[in-house]
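# Everything below, folded, please.
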Amino acid sequence: MTISISIRRARRDDVGAIVGMLADDALGRARERIEDPLPASYFDAFDRVDRDPNLALVVAEEQGTVVGCLQLCILPGLSSQGASRALIEDVRVASARRSRGIGEQLVQWAIGEARARNCKLVELLTHQTRVDAQRFYARLGFQRSHVGMTIRF
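Got it, this is the predicted structure:
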């Protein structure tokens, strides 16, 4: 069942809902800090993202409630004859609202935005343990292509 949502740019007062969704699994719980009030670092990060014209942090809203989010990063580059590429990050849907088409609507929005911004490639990363997410992205047409590697500080 697909539900009707609106997708809009995130606002500062959405930060708590976004962080809550980021922390809503084992990986996220290990990275995020759910406190009241939230650490100032989240609001500082929001301000930096909000000011950057190549970043779009958006939320999915259902009847006034934030039920999903993602961040779209537009990355200019020299590769592929100077093509820009889009990177989709931090796709989350509130656990009580999953399997209702919200994630798909968010990702399709991001793909449309990437096209509108003349990107030649859309890519995303998902943790190797998130097998359900990998199936979801494959269903939307994403293909395995690279091996991701990280260094954490």
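# Quick check: what element follows the longest helix anywhere in the chain along the chain?
Looking only at the chain and at elements set by DSSP state H, the helix with the highest residue count is helix 102-116. If you walk from helix 102-116 toward the C-terminus, the next helix or strand you reach (DSSP states H and E) is strand 119-124.
# Which strands or helices does that following strand pack on?
Judged by 3 or more CB pairs under 8 Å, 6 or more residues apart in numbering; DSSP states H and E, strand 119-124 is in contact with strand 84-93, helix 102-116. Just so you know, the C-beta spots here come from the backbone N, C-alpha and C atoms, and that holds for glycine as well.
# For Gly16, find the nearest of these.
strand 84-93 (13.4 Å; CB to CB).
# Check which residues of that closest one are buried.
Ser84, Arg85, Ala86, Leu87, Ile88, Val91, Arg92, Val93 (16 or more other CB atoms under 10 Å).
# Pop out the phi and psi values for Arg130.
With angles defined as degrees, to the nearest 10, Arg130 shows backbone torsions of phi -90, psi 70.
# Tell me who's in contact with the residue lying closest to it once chain neighbours are set aside.
Beyond its immediate neighbours in the sequence, the residue positioned closest to Arg130 (CB to CB, 6 or more residues apart in numbering) is Leu27, lying 7.7 Å away. Shown here is Leu27, whose contacts under the criterion CB atoms under 8 Å, 6 or more residues apart in numbering are His127, Thr129, Arg130.
# Please write out the alpha-carbon positions of stretch 104-123 in PDB.
Below are the C-alpha coordinates for stretch 104-123, written out as PDB (Å, rounded to 0.1, in the frame of the first residue of the first chain):
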ATOM      1  CA  GLU A 104      10.500   4.600  -2.900                       C
ATOM      2  CA  GLN A 105       8.900   8.000  -3.200                       C
ATOM      3  CA  LEU A 106      11.900   9.600  -1.500                       C
ATOM      4  CA  VAL A 107      14.400   7.900  -3.700                       C
ATOM      5  CA  GLN A 108      12.400   8.600  -6.900                       C
ATOM      6  CA  TRP A 109      12.300  12.300  -5.800                       C
ATOM      7  CA  ALA A 110      16.100  12.200  -5.500                       C
ATOM      8  CA  ILE A 111      16.600  10.600  -8.900                       C
ATOM      9  CA  GLY A 112      14.300  13.300 -10.500                       C
ATOM     10  CA  GLU A 113      16.200  16.000  -8.700                       C
ATOM     11  CA  ALA A 114      19.500  14.600  -9.900                       C
ATOM     12  CA  ARG A 115      18.200  14.500 -13.500                       C
ATOM     13  CA  ALA A 116      17.000  18.100 -13.200                       C
ATOM     14  CA  ARG A 117      20.500  19.100 -12.000                       C
ATOM     15  CA  ASN A 118      22.100  17.400 -15.000                       C
ATOM     16  CA  CYS A 119      23.800  14.600 -13.100                       C
ATOM     17  CA  LYS A 120      24.900  11.700 -15.200                       C
ATOM     18  CA  LEU A 121      25.000   9.200 -12.400                       C
ATOM     19  CA  VAL A 122      23.100   8.500  -9.200                       C
ATOM     20  CA  GLU A 123      24.900   6.400  -6.600                       C
END
